[in-house]
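Trainee: Have a look at this prediction, sequence included:
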2 protein chains.
Amino acid sequence: MIRLLADPLRARIVEILADGPACTCHLVEDTGAKQPNVSGHLRQLREAGLVVAEPRGRFTYYRLLPDALDAAAGQLTDLAAKARANASTPRECP
Amino acid sequence: MIRLLADPLRARIVEILADGPACTCHLVEDTGAKQPNVSGHLRQLREAGLVVAEPRGRFTYYRLLPDALDAAAGQLTDLAAKARANASTPRECP
DNA sequence: TGATCTCATCAGACCGTGCTGATATCAGCT
DNA sequence: AGCTGATATCAGCACGGTCTGATGAGATCA
């Protein structure tokens, strides 16, 4: 799921959405990317459960789900804690 | 920097290193990947400051730097907090 | 209903990036 | 010095994913 934050444009979309829910046209304008491109990235974020789409008339608002970000952050801190715990027990090298 | 954790093999290497420092031969054996491949990924992780190389004789031990992981986790939690704060202030559309 | 707008989907071109094989470097051993 | 083993670097190839243009579905308003 962290995989999704690797792409620059997708990361930028997430940042923009962190400032509050926005519709596709906002994201297209802010990023400067073409609409089908933005729409495709939103689909990926949607399918990964990072954002939700809320249709409002002919607009579609996208909202960032903070819990998903926290979950990802948790994985990293767990890994960091594990690394700290095992820092002084290197493997023997045959 | 999160970008680096997107690649499956690189993510796997980081996980292995979380169990304690290991040398390149360990990583090659554990992952099943070819040596130049592993070496290339280690270079990227090194240049990003996620791991450090500690030459020991003809072996090279790699150690994971937990602070780098915590920093990345911090970025995500910050983003999550921001999203929560702005969750109820959507942008006006047209 | 027809026009217009937002957004999603699709097929194809394009580009970056990971993977591989060959080669170089360096340490340790005889 | 010569040999072996561990690791780093390089050039070329191949594959996956992103970007684009065209098109379609749904909503709004005249």
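Mentor: Cool, got the structure.
Trainee: Identify the residues contacting the helix or strand hosting A:Leu76?
Mentor: In this assignment (DSSP states H and E), A:Leu76 forms part of helix A:66-85. Residues outside helix A:66-85 that contact it (Cβ atoms under 8 Å, 6 or more residues apart in numbering or on different chains): A:1-2, A:5, A:48-50, B:14-15, B:17-19, B:64-67, B:69-70, B:72-74, B:76-77, B:79-81, B:83-84, B:87. No exception for glycine: its C-beta is placed from N, CA and C like everyone else's.
Trainee: now that helix and helix B:66-85, what's the angle there?
Mentor: Interaxial angle of helix A:66-85 relative to helix B:66-85 (axes from the mean of the first three to the mean of the last three Cα atoms, to 10 degrees): 160 degrees.
Trainee: Near DNA strand D, which residues of chain A? Just list them.
Mentor: Chain A has residues A:7-10, A:33-34, A:36-37, A:40-41, A:44, A:57-58, A:93-94 near DNA strand D, with proximity defined as Cβ under 7 Å from any atom of the strand.
Trainee: now, which of the residues you listed lie within helices?
Mentor: Among these, the members falling in helices (DSSP state H) are A:Pro8, A:Leu9, A:Arg10, A:Pro36, A:Asn37, A:Gly40, A:His41, A:Gln44.
Trainee: Now narrow these to whatever sits close to DNA strand C.
Mentor: A:Pro36, A:Gly40.
Trainee: Going by neighbour count, which of the ones in helices among the residues of chain A next to DNA strand D comes out on top?
Mentor: A:His41 (22 neighbours; other Cβ atoms under 10 Å in any protein chain shown).
Trainee: And that residue, what's its pLDDT?
Mentor: pLDDT, A:His41: 98.
Trainee: Repeat that for the one 3 residues further on.
Mentor: If you check A:Gln44, the pLDDT there is 98.
Trainee: Pretty sure A:Arg3 is one of the things it touches, is it not?
Mentor: No - here A:Gln44 does not reach A:Arg3: they are 9.5 Å apart, not a contact under Cβ atoms under 8 Å.
Trainee: still on that earlier bit, buried among the contacts of helix A:66-85? Make that a ChimeraX selection.
Mentor: A single ChimeraX command is used to select the members of the contacts of helix A:66-85 judged buried by 16 or more other Cβ atoms under 10 Å in any protein chain shown:
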select /A:2,5,50 /B:14,17,18,64,65,66,69,70,72,73,76,77,79,80,83
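Trainee: could you dump the ones in helices among the residues of chain A next to DNA strand D to CSV with distance to chain B?
Mentor: Listed next are these as CSV, based on distance: Cβ to the nearest Cβ, whole Å:
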residue, distance to chain B
A:Pro8, 9
A:Leu9, 13
A:Arg10, 11
A:Pro36, 19
A:Asn37, 19
A:Gly40, 17
A:His41, 14
A:Gln44, 13
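Trainee: what two of the ones in helices among the residues of chain A next to DNA strand D are the furthest from one another?
Mentor: Spanning the widest gap among these are A:Pro8 and A:Pro36, at 17.4 Å by Cβ to Cβ.
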